[in-house]
Each structure stands twice: as C-alpha cells, then as structure tokens.
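Participant: Provide a 3D model corresponding to the input given below.
(chains A and B)
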There are 2 protein chains.
Amino acid sequence: MRATLMYGAGDVRVEDVPDPKIQQPTDAVVRVLLSCVCGSDLWPYGSMPAAEKGRRMGHEFLGVVEDIGPEVSGLGRGDLVVAPFVWADNTCEFCREGLHTSCLNGGRYGSDGVDGGQGEAVRVPQASGTLVKLPVAEDSALLPGLLTLSDVFSTGHHGVVKAGVGPRTAVTVIGDGAVGLSAVLAAERLGAERIILMGRHTDRTDLGREFGATDVVAERGDEGVAKVRELTGGAGTHAVIECVGAEQSMHTALGVVRDGGVVSRLGVSQYTEVPMGFDTLMRNITLTGGAAPARAYIEELLPDVLDGTVEPGRVFDRTVGLADTPEGYRAMAEREALKVLIRP
Amino acid sequence: MRATLMYGAGDVRVEDVPDPKIQQPTDAVVRVLLSCVCGSDLWPYGSMPAAEKGRRMGHEFLGVVEDIGPEVSGLGRGDLVVAPFVWADNTCEFCREGLHTSCLNGGRYGSDGVDGGQGEAVRVPQASGTLVKLPVAEDSALLPGLLTLSDVFSTGHHGVVKAGVGPRTAVTVIGDGAVGLSAVLAAERLGAERIILMGRHTDRTDLGREFGATDVVAERGDEGVAKVRELTGGAGTHAVIECVGAEQSMHTALGVVRDGGVVSRLGVSQYTEVPMGFDTLMRNITLTGGAAPARAYIEELLPDVLDGTVEPGRVFDRTVGLADTPEGYRAMAEREALKVLIRP
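Facilitator: Sure thing, here's the model as predicted:
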C-alpha cells in the first residue's frame, strides 16, 4: 500500500510500504477513508534532521474495519470506526481513570511497527479498546467532523475540561490554529460565558467567532497580555487554553491568567521549563492539560457531532489525495491551509 | 514596644519600635499572645544581604484586640483572635472566590508600615475581614493549635485541597518540616487512603506517623523516587504535596507523581523555572498549590482544632520569649527545633 513518510524537515514522501496484516490476536486492520495533517506534525516538518529511514506519519484517521484478530470483540468487518490518536486497551488502571494516553498496553501510531494514519490502511493494536464504531455511512457528510474526535476536537475538549470551564467561566484561548479553534468550540459547548481568542489570522479568528469567541485579540506578547487584561477589568481570565506550545505563548498564558486561575496546555511544548517560580506560587496559578485521552471523550462528544450541535469539521479547509500529502504539509506549514484532510 | 527585625542572614534582633496605633478606620491593634517562626522566615535568615534598616518579621500570631477603628465591625476590645498570615478585606472579588492572598485591598505583615507578628503588638489593617474570633480563654491549652490556623495548618490543608485529596487518594508529602507534617495531618483529616512522607529526620517523621503517614521514605533524589514508585506498584501517587520549595524537591515531586496526577506546591519556591516540558505534557501532570488563603479555611478547620480531632499545634517543639527570638531562629535553622513558638 501507499503511506506517508517524513525523511527530514520539509521532506515528506508518499511511498510503497508493506500492507498491514493482523499480527496480534487483538489487532484490527482498518482501511483509511479519511486522515489529516496535525499541527503537531508541523514541528518535525520544521526541524527533523535528515534521516535515511523515513518516519511513518499520521495519527488521526477513520475508516472501515477490513480484518480483525481472533480476540477482537465488539467490532466486525465492514464497521466504520474512528481511531483515537493513541491506541489503548481501555481496561488498564489508567484507562479506567480516563487516561488512555498513559495506557499500560497502549502506544502510538507510526512507531514500533505500527502504521501511521496517513496511508491507505493501518494495523490497529488493541482494537477492541481503541476503535469506536460510528453509525454513519461511508459517504456521510459528517465524516470530517467525526474525524476530529480522533484528536483535534477531543483535544480542545480536554483542554477546557482540565481548565474547569463551565457556565460563567471566562476563558482565553491562545492560538488560532485548529486546536485553538476546537478549544473555542469546546468552551462554547460547555457554556463558557466569555471566550477571548488570541490570534492574528483573520480568516481563522472569523471561524473562531462563529465557533463562539466573544472577543478576538490580535496583539501578541506584552501587548496581547495588556489587551486581555483590559478586556477583563485588569484581572485576566480564570481559564487559559494554551494551544501553541511555544515558550512565548506560555509566557502569554501566565500573563493573562487570573490569580487562582488555570493554564491548560494543549500545544506540544517546544520548551523544557515553565517560568513558574515565586510569582505564580503567590498567585496560586495552576498548570494543567496535556495529551488528550481522546478515547475517554468520544462517547460524550459523538452525539453532538452526529446531530450537528457542533461542527468541528469546519477546521478542515483543504482536501488532498494521498499522493498530494506533501503539498498538504506545505500548505499548512505556510499557513495557507488551516487543517488539511487526506482522502487516500 | 519590642519587636523582631532581621538585618541580614543570621542577624535577627529584638528592638524597640513605635507602639502600633489605629491609623485607618478599618484597623485594629492586637496585643500578641503567641507568635512563631515560619519555615519561610528561614530563607531570608539564610540569604538576606546585610541591610542598615531592619525588616520587621513574623506573619503568624494570635492575641487580644486592644483597640479598633470606627469602621471595624464584628470585633471588640478584649476579643481573642487569630490572624491569617495575610490581611484581607474578605469582601473583594478575589476574597469571595476564597483567594484572600490576592485580595485587592490586602497585604502582608512586616511591610508598608504594618507591623510583623513577632512582636508585642500588631496593627492589623482590614481587621473586620482579617481577624477571626476564637472562643477560648487567654490561658487555653489550645492556643498553639489555634495559632496554626494562621498559616501552617491552613497551608497544609490548602495543599491537599488543591491536590484533590480525599478518601481513596494516595498522597506523597515531600518534606518533614512543619508544613509537610501539617499536610500529612490535613490529608489524614480528609481521609487519604495512603500517605507517604518523604523525610529523613526520624523525630519528625515519627510525628508524621502519628499524624497519619502510612509510609516514610528517608531516601532522597532518584533513590527516593524509586522507593515511592516501588511502594506504589511503579506508578507513583495521584497527589504529591511539595513542602520544601527547592529545585531538587520539585524534581522529586515530578518523579513520584502518577500520570494524570497533581503536584501541589506549598514550599516557597527557590527556583524560577519548573521542568515541565514534553514529558509532563504527555503524562498529563498538573502543577497547582501556592500561598494558602488561610482566611478561607479557618471556619472549616476551627471546630476540629477546638474539639481535639486534630492537634496541629504538636508541630511546636520549643517555646521562647520574645527576647530569645534570635535563638529560636538559630534553633530552627540548625534543625534543632521543628517549629518555635514565641510568647512575647
């Protein structure tokens, strides 16, 4: 089959790879209907050292079960399923706590002999625990929205849940990428009273407003902090969702969070240290968030996607075929596209 | 009157200072019955540059109201009161959220013309919002326990509340100082299933066991982390209360916290950065805690101190007169004493 590999910064190729086959009795093989490029894929796209052996890419996909191992239950050939961005047994002590990203028997796509999502098919380990059946047809217009349950919308939801967002919460979302916009939508879904979106790409912040942002702050750094403080009577917001991962955006997050408030981080951290010394201690700032256990949220979010209450699939603004995946990376990296769908 | 001043590292003096008088209509003057030395006082005691002008010390005290301004309500001369370690109006938007440490009209003892607690008397601003009446006599044996509501026991309580400790929580407490032992007691009071105390002073950890610690780990650094992990089936504990404030103890905290768990910090941070990069993001670690809004907790904790359910005053193992306060500092700094009471 064909699949996407990254060989270094800016070097994405679609190549022949072995067809996935059942290897463990708990495996399933899924034929991919839809995949996409993640904002987190852009970090290695910008910085990965050149390598002789390509790295299999992609961790968001939905598709049709083609084959299952003898120990897979609850799934059958022909089922349309979505895959959370990590695979997990859904039974270990961490999964039972809703932390599938720390599953004792789980792992990541694209490594250790497991396929990436940006290809024609994927061998999914721990299939019973991982895959969630979707009650729609292969040609459903809802598929892009359902694909966001794999990562981006579940991630936005995780961020706002960890920040304790609810009715009467004011929240600042830092970053107008697909995760940021998903966090806006998730905050709106949970009834946030006020949602300040920090971003400077008008086309994106316009979608953010449609998703529920009540204010948009285009300024960055200290100016951005001052603007959010001005909007909130000087105090900042109780909840801040950091959706970039840069050192600068973490500074901004700590600048706009209200005393006693929560910075919930979703952006893949490009820093190793967080400046949380004496000042944030005295201010009782909480830092939380992390890799979203998407599997834990899908049952809750699915009905709202199915009935159109939320339309998280609107973050996709470009679609490519598998052969054009490298072009999809380029378009996202150059901010021409917000988030790129791949139809193998 | 006489009061304690610090002139530099190791240089604590008891000197004549002006008698406190009502300056604002919201002030009260409190004659101090009991004060004490805080673990946080030991940081400047170890490092303060020599200064010509001494710094007024002490922020924990209880005593008798001697005078009140015309706008003070709910308090009268002769009332026995405890003072939380910051003064606050108890009415602003932060106080209403229980965050008296961020009070818009609050402040700290020992600065801006406000007396420190380690003296014969204190002018307390925002007296109505700050002081809490205690239904005991001046000679009550409960006074040392009640004094801990000012800071150390309220601080321990804050740490475990912010960490979400409750029945079925396993918690690691890092540090066997008075705050650490208070956190053990507070965790036990909230029903923690297991309390692992990390400390290496046997007399202190023995008191920790009496306060509710189920395990004591004397090892430090990587060995300590390994030991806690061994005690918890490899996973660490959901809650970690960091009661030291050193860079090393924060490393230990991040090492013993379970994936998805919470590090709640109480120790005054001697670091400016916390090593919470990619690894802690993937592990969904939360960092919380901070300066305790003691005022918010006193009504809840007071009955248990009054009826002897908890005996937080057991952290005091030495008493000095005001003139011997410098000796009290020395004894605590050299770890001869756990926490020193001052009876002016």
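Participant: all contacts plus neighbour counts: C-alpha atoms, from now on.
Facilitator: Fine.
Participant: which bits of chain A sit near chain B?
Facilitator: A:99, A:101-102, A:259-260, A:265, A:268-278, A:280-291 (C-alpha under 8 Å from any C-alpha of the partner chain).
Participant: helix/strand/coil for residue A:159?
Facilitator: At residue A:159 the chain is in helix, as set by DSSP: H, G, I helix; E, B strand; the rest coil.
Participant: hmm, it is touching residue A:181, no?
Facilitator: No. Using C-alpha atoms under 8 Å, residue A:159 is not in contact with residue A:181, being 11.8 Å away.
Participant: what residue is smack in the middle of chain A?
Facilitator: Taking C-alpha atoms, centre = their mean, the centroid of chain A lies closest to residue A:152, which sits 2.8 Å from it.
Participant: quick one: residues contacting that one.
Facilitator: Residues near residue A:152 by C-alpha atoms under 8 Å, 6 or more residues apart in numbering or on different chains: A:38, A:178-179, A:182.
Participant: so which of those belong to helices?
Facilitator: The helices, defined by DSSP state H, take in A:178-179, A:182 from the contacts of residue A:152.
Participant: want to throw the residues you listed into CSV with neighbour count?
Facilitator: CSV is the format used below for the ones in helices among the contacts of residue A:152 (neighbours: other C-alpha atoms under 10 Å in any protein chain shown):
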residue, neighbour count
A:178, 25
A:179, 31
A:182, 30
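Participant: out of these, which is nearest to residue A:332?
Facilitator: Taking C-alpha to C-alpha as the measure, residue A:332 lies nearest residue A:178 of those, at 10.6 Å.
Participant: excluding its backbone neighbours, what's nearest that closest one?
Facilitator: residue A:315 (5.8 Å; C-alpha to C-alpha, 6 or more residues apart in numbering or on different chains).
Participant: okay, that neighbour: pLDDT?
Facilitator: For residue A:315, the pLDDT comes out at 98.
Participant: okay, now it: neighbour count?
Facilitator: Number of residues near residue A:315 (other C-alpha atoms under 10 Å in any protein chain shown) recorded here: 25.
Participant: just the one 4 residues further on next, same as before
Facilitator: Taking other C-alpha under 10 Å as the criterion, the count of residues near residue A:319 is 18.
Participant: how about the ones in helices among the contacts of residue A:152 in JSON lines, adding pLDDT?
Facilitator: Formatted as JSON lines, the ones in helices among the contacts of residue A:152 follow (pLDDT from 0 to 100):
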{"residue": "A:178", "pLDDT": "97"}
{"residue": "A:179", "pLDDT": "98"}
{"residue": "A:182", "pLDDT": "98"}
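Participant: out of those, who's nearest residue B:58?
Facilitator: Among the ones in helices among the contacts of residue A:152, residue A:179 lies closest to residue B:58 (C-alpha to C-alpha), at 47.6 Å.
Participant: all the strands of the stretch 101-250 of chain A, residue numbers only.
Facilitator: Ranges of strands in the stretch 101-250 of chain A, per DSSP state E, counting those that start in this stretch, are A:107-108, A:121-124, A:132-133, A:170-174, A:194-198, A:215-217, A:237-242.
Participant: and residue A:163, which of the ones you listed is closest to it?
Facilitator: strand A:237-242 (5.6 Å).
Participant: between that closest one and strand A:194-198, how many degrees?
Facilitator: 40 degrees (axes from the mean of the first three to the mean of the last three C-alpha atoms, to 10 degrees).
Participant: list the contacts of strand A:237-242.
Facilitator: For strand A:237-242, using C-alpha under 8 Å, 6+ apart, the contacting residues are A:159-160, A:163-165, A:169-175, A:180, A:183, A:249-250, A:253, A:256-267.
Participant: which stretches of the stretch 151-300 of chain A have low pLDDT?
Facilitator: Nowhere does the stretch 151-300 of chain A drop to pLDDT under 70.
Participant: quick one: the helices in it?
Facilitator: With DSSP state H, counting those that start in this stretch applied, the stretch 151-300 of chain A shows helices at A:152-162, A:178-189, A:202-211, A:221-231, A:247-256, A:278-282, A:294-306, listed in chain order.
Participant: do you know which of the ones you listed lies nearest residue B:308?
Facilitator: Using C-alpha to C-alpha, the helices of the stretch 151-300 of chain A put helix A:278-282 closest to residue B:308, at 30.9 Å.
Participant: what's next to the closest one, contact-wise?
Facilitator: A:254, B:101, B:265, B:268-272, B:289-291.
Participant: can you rerun that using 7 Å?
Facilitator: B:268-269, B:272, B:290-291 (C-alpha atoms under 7 Å, 6 or more residues apart in numbering or on different chains).
Participant: ok, now stretch A:3-19?
Facilitator: A:1-2, A:44-57, A:118-120, A:323, A:326.
Participant: and that stretch, how far apart are its ends?
Facilitator: One end of stretch A:3-19 sits 10 Å from the other (C-alpha to C-alpha, to the nearest Å).
Participant: and it, how far from the chain's centre?
Facilitator: Relative to its chain's centre, stretch A:3-19 lies at 21 Å (C-alpha atoms, centre = their mean, to the nearest Å).
Participant: what would the strands of the stretch 101-250 of chain A look like in CSV with mean neighbour count?
Facilitator: Below are those laid out as CSV (neighbours: other C-alpha under 10 Å):
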stretch, mean neighbour count
strand A:107-108, 20
strand A:121-124, 28
strand A:132-133, 20
strand A:170-174, 30
strand A:194-198, 26
strand A:215-217, 20
strand A:237-242, 29
